[in-house]
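[1] Sequence and predicted model, in that order:
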Amino acid sequence: MARGGGNRSRLLLVLLLVSSLFLITLDLRGVNLAGSIRSGVATAFSPLESIASKIFSPIGNFTSDLKNFNQSKKKIEQLTKEVDLLKSTQILDEDTVGQLSQLRNVLDLAGRGGYKVVAAKVINRGSSATFKQTITIDAGKNSGVGINMTVISDSGLVGVVKSVTSNSAIVLLMSDPTFKIGVRIAGTQSIGVVSGQGGSTYLLQLLDATGEIKKGDVLVARGSQDGKPFVPGVPVGTVTTVQSNASSITQNADVVGISNLERIGVVAVVTSPPKNDPRDSLIPRPRPTETIFVTPTPTPSPTK
């Protein structure tokens, strides 16, 4: 009997935490409905309210803190600790913890880039009549999402909004064969165009006749006028192979996308471009190599 009561308490806690994640999404979009729902949840689950508040409070006010990245960074660091706590205590399943981690990281990327964003969950994957590779997200006109807005993940570019309803939107993925974006090689002024090819690799065509492509070059979005359809500075991909063709007028290269489009569950729609171009500040940095010093054990002197 005691085991049944424990299972019910565990189920109530999981339900409360999932409900809280839903409320966070509403808070990030500024939806007033969150207040009334929150009060109902608090009444039903009042014994566990303080636990949920402790876990999810780092995210609730993130939008208002985007202008002050130092404060936002502290919130993200606190959220990281709470997510690690959830992993260790196994309160939530692996999928929910993964979505929390993606939410944390995409907000971090948006904060560093100075982007105003609306967070959203991926609710469907599939093709439309016009495009082959799309996703549907649970944010639309009511949340400030509009056509030709950049969509990012926790790593970088995902795609662009192509159609919107009141509460959802269809995003054209950068892997679609019709997708093209102007890019710049990080660290240089060389510009080019990246095109989708229907898979996980992309084609870079360098438009700068004097430029040079090297394996490992990171590509970032050049940005469009008024930030639509693309805001500047978003990481796009990394060069894997430089194509050598003497008869080609332009230099070409194979590129792997910065975002894993197969695993994304949480994205952010950039509703307003940054005041200043973040340039290369958002590209992933390799972790520094740790140097380990080993002190040799002295060899004992032979006994005479």
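    Received the coordinates, thanks.
[2] ok, and for stretch 141-153, which residues are buried?
    By 16 or more other C-beta atoms under 10 Å, the buried positions in stretch 141-153 come out as 143-145, 149-153. (C-beta placed from N, C-alpha, C; glycine too.)
[3] mind saving the C-alpha coords of it as PDB?
    Taking C-alpha atoms only, stretch 141-153 is exported to PDB below (Å, rounded to 0.1, in the frame of the first residue of the first chain):
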ATOM      1  CA  LYS A 141       0.800  35.200 -34.700                       C
ATOM      2  CA  ASN A 142      -0.500  35.400 -31.100                       C
ATOM      3  CA  SER A 143       3.000  35.100 -29.900                       C
ATOM      4  CA  GLY A 144       4.500  37.600 -32.300                       C
ATOM      5  CA  VAL A 145       5.800  35.100 -34.800                       C
ATOM      6  CA  GLY A 146       5.600  36.200 -38.500                       C
ATOM      7  CA  ILE A 147       6.600  35.000 -41.900                       C
ATOM      8  CA  ASN A 148      10.300  35.300 -42.900                       C
ATOM      9  CA  MET A 149      11.600  35.200 -39.300                       C
ATOM     10  CA  THR A 150      14.900  33.300 -38.500                       C
ATOM     11  CA  VAL A 151      14.500  30.200 -36.500                       C
ATOM     12  CA  ILE A 152      17.500  29.000 -34.300                       C
ATOM     13  CA  SER A 153      18.300  26.000 -32.100                       C
END
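[4] hang on, the earlier thing: right, and the pair among the buried residues of stretch 141-153 with maximum separation?
    For these, the maximum inter-member distance is 19.1 Å, found between 144 and 153 (C-beta to C-beta).
[5] about what we covered before: mind putting the buried residues of stretch 141-153 in TSV, secondary structure, pLDDT and distance to residue 196 included?
    Below are the buried residues of stretch 141-153 laid out as TSV (DSSP: H, G, I helix; E, B strand; the rest coil; pLDDT from 0 to 100; distance: C-beta to C-beta, whole Å):
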residue	secondary structure	pLDDT	distance to residue 196
143	helix	92	26
144	coil	94	27
145	coil	96	22
149	coil	97	18
150	strand	97	15
151	strand	97	14
152	strand	97	16
153	coil	94	16
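[6] The residues you listed into TSV, with extra columns for distance to residue 210?
    Below are those laid out as TSV (distance: C-beta to C-beta, whole Å):
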residue	distance to residue 210
143	44
144	42
145	40
149	34
150	29
151	33
152	31
153	33
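[7] so where do the strands sit in the stretch 151-300 of the chain?
    Ranges of strands within the stretch 151-300 of the chain are 157-164, 169-173, 180-185, 191-196, 201-206, 218-221, 235-243, 251-257, 266-272, based on DSSP state E, counting those that start in this stretch.
[8] Can you say which of those is nearest to residue 80?
    Nearest to residue 80 among the strands of the stretch 151-300 of the chain is strand 266-272 (15.3 Å), distances taken as C-beta to C-beta.
[9] what packs against the closest one?
    Strand 266-272 sits against helix 94-113, strand 116-126, strand 134-137, strand 150-152, with contacts defined as 3 or more C-beta pairs under 8 Å, 6 or more residues apart in numbering; DSSP states H and E.
[10] shaky segments in the stretch 201-304 of the chain?
    Applying pLDDT under 70 to the stretch 201-304 of the chain picks out residues 245-248, 285-304.
[11] Residue 104 against residue 80, yeah?
    Yes: Residue 104 is within contact range of residue 80, at 6.4 Å (criterion: C-beta atoms under 8 Å).
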